[in-house]
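Colleague: Generate coordinates for the sequence data below:
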Amino acid sequence: QVQLQESGPGLVKPSQTLSLTCTVSGGSITADSYAWSWIRQAPGKGLEWIGYIGYSGITYYSPFLKSRTSMARDTSKNQFTLQVSSVTPEDTAVYYCARLFNGAPDYWGQGTQVTVSS
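Modeller: The predicted structure is shown next:
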């Protein structure tokens, strides 16, 4: 059973960088055929797909956040990370990490609330 767990600060000040880590257990982030993604849901809005890092380490970012987003991974810890720079209150959301198989999420983390506020 694959499990994902998000971690990181719940409160970030405007203009700072949001940093989150997803720790994966029950499966390797380098396993063929899978990608590892970040998705968020702002209050009262639908899910927004932020991007993914593939099993080979290749990254892809959604255009709406591409200029402020960076993803990386630590294969020794079986973790992947998300950074969003220059945050504003509009970046307040529940952030989820998820595994992608054939382009669709099949396992999700429980989500972590991130609030951008001074």
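
Colleague: The nearest residue to Q1 once chain neighbours are set aside: how many residues sit nearby?
Modeller: Excluding its sequence neighbours, the residue lying closest to Q1 (Cβ to Cβ, 6 or more residues apart in numbering) is G26, at 5.1 Å. Every residue, glycine included, has its C-beta placed from N, CA and C. For G26, the neighbour count with other Cβ atoms under 10 Å is 10.

Colleague: How confident was the prediction at G26?
Modeller: You'll see G26 listed with a pLDDT of 96.

Colleague: wait, what's in contact with it?
Modeller: Contacts here follow Cβ atoms under 8 Å, 6 or more residues apart in numbering; on that basis G26 touches 1-3.

Colleague: Now go through those and say which are in strands.
Modeller: Counting by DSSP state E, the part of the contacts of G26 found in strands is Q3.

Colleague: Who does the residue nearest the centre of the chain form a beta bridge with?
Modeller: In the chain, the residue lying closest to the centroid (Cα atoms, centre = their mean) is W38, at 2.8 Å. The residues paired with W38 through beta bridges, assigned by DSSP bridges, are G51, C97.

Colleague: Nearest to G103 among the contacts of G26?
Modeller: Nearest to G103 among these: V2, at 16.8 Å, using Cβ to Cβ.

Colleague: ok, now how distant is that closest one from W36?
Modeller: 11 Å (Cβ to Cβ, to the nearest Å).

Colleague: Then I29?
Modeller: Spatial separation of I29 from W36 under the definition Cβ to Cβ is 6 Å.

Colleague: Same question for T23.
Modeller: In this structure, T23 lies at 11 Å from W36, with Cβ to Cβ as the measure.

Colleague: Look at those two and report which has more neighbours.
Modeller: Taking T23 and W36 together and counting by other Cβ under 10 Å, W36 has the greater number of neighbours (24 against 17).

Colleague: thinking again about what came up before, quick check: the residue nearest to the centre of the chain touching G51?
Modeller: Yes. With contact taken as Cβ atoms under 8 Å, W38 and G51 are classed as touching, separated by 6.2 Å.

Colleague: Mutual contacts of these two, please.
Modeller: Counting by Cβ under 8 Å, 6+ apart, the residues touching both W38 and G51 are M71.
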